[in-house]
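Based on what follows, work out the 3D shape:
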Amino acid sequence: MAFGQFVGVVITWWQVIGMIWWESRPDDVREWWRRFDSAAAKLKAMISVTATVLRDGQSQETRVSQLVPGDVVVLAAGDMIPADVRLLTAKDLFVTQSSLTGESFPVEKFAVEKNPSATLPIELTSIALLGTSVESGSATGIVVASGKDTYLGGVSASLSEQEPPTSFDRGISQFTWLLVRFVLVMVPMVFLINGLTKGNWGEAYLAEQSPRNRGHP
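Got it, this is the predicted structure:
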């Protein structure tokens, strides 16, 4: 048995043992486990990522998932950018964009665009994108895109799309199917030829099997 097969068998046996143990546990242990799951679910629900939003002239904490275009957010040092934001004000604002660009140094952002000829959103100096963070300074900005509509959401969607097959992939696929068809045609032909010429179909079957078994112990 190969090593990989041995590991697979061991894992399968441990899964079976785990299932048997789970079903045979006392009721008090099961109840403890249910309470643990419930407490973990409640704790997870208490933890949420929020952003400071200006509404009706008052700042309030709002879940990032509830942000919509048009919301005005307040940014300070250490904050994660909660959406794609067009800066309205900026004071000594430096943003870390390493998650999107790989740059190790923060980039300064301004309320007034300094690079109007930029072709990519990441190159604009008046735009702060979801997935980046404030290194220093402060700012306010208006949400222009959130969730899947952001620049990061578009990048994630493009990475998850399946790439179309190349000409090389198509050639390999066609060659593979050609070999499969060749085998499906030749094996019965060899069997029939040996059977008709020798008149012994059992021997013809063994003769047809021998090329496949050649090289195997």
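
Every contact and neighbour count from this point should use C-alpha atoms.
Will do.

so where does Val134 fall, helix or strand?
strand 133-145 (DSSP states H and E).

For whichever strand or helix holds Thr197, which helices and strands make contact with it?
Using DSSP H and E, Thr197 maps to helix 167-198. Packing partners of helix 167-198 (3 or more C-alpha pairs under 8 Å, 6 or more residues apart in numbering; DSSP states H and E): helix 201-213.

So for the helix it packs on, mean pLDDT?
For helix 201-213, the mean per-residue pLDDT is 55.

Ok, stretch 54-61 next?
84.

Alpha carbons of that stretch, as CSV, please.
Only the C-alpha atoms of stretch 54-61 are listed here, as CSV (Å, rounded to 0.1, in the frame of the first residue of the first chain):
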residue,chain,number,x,y,z
LEU,A,54,-22.0,61.8,9.8
ARG,A,55,-25.8,61.8,9.7
ASP,A,56,-28.0,64.8,10.5
GLY,A,57,-24.9,66.6,11.6
GLN,A,58,-24.1,64.0,14.2
SER,A,59,-21.4,61.3,14.1
GLN,A,60,-22.5,57.8,14.8
GLU,A,61,-21.1,54.3,14.5
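
Next, the buried residues of it.
Leu54 (16 or more other C-alpha atoms under 10 Å).

same thing with stretch 95-114?
For stretch 95-114, by 16+ other C-alpha under 10 Å, it's Val95, Thr96, Gln97, Pro106, Val107, Glu108, Lys109, Phe110, Ala111.

how about the strands in the protein?
For the chain, applying DSSP state E gives strands covering 50-55, 58-63, 72-75, 84-96, 107-109, 127-128, 133-145.

where does the protein dip in pLDDT?
Applying pLDDT under 70 to the chain flags residues 1-33, 35-36, 39-48, 159-161, 191, 194-195, 198-217.

from memory Asp84 sits against Thr132, does it?
No. In this structure Asp84 lies outside contact range of Thr132 using C-alpha atoms under 8 Å: 9.6 Å.

Looking at those two, which one has more neighbours?
Neighbours were tallied for Asp84 and for Thr132 using other C-alpha atoms under 10 Å; the higher tally belongs to Asp84 (25 against 22).
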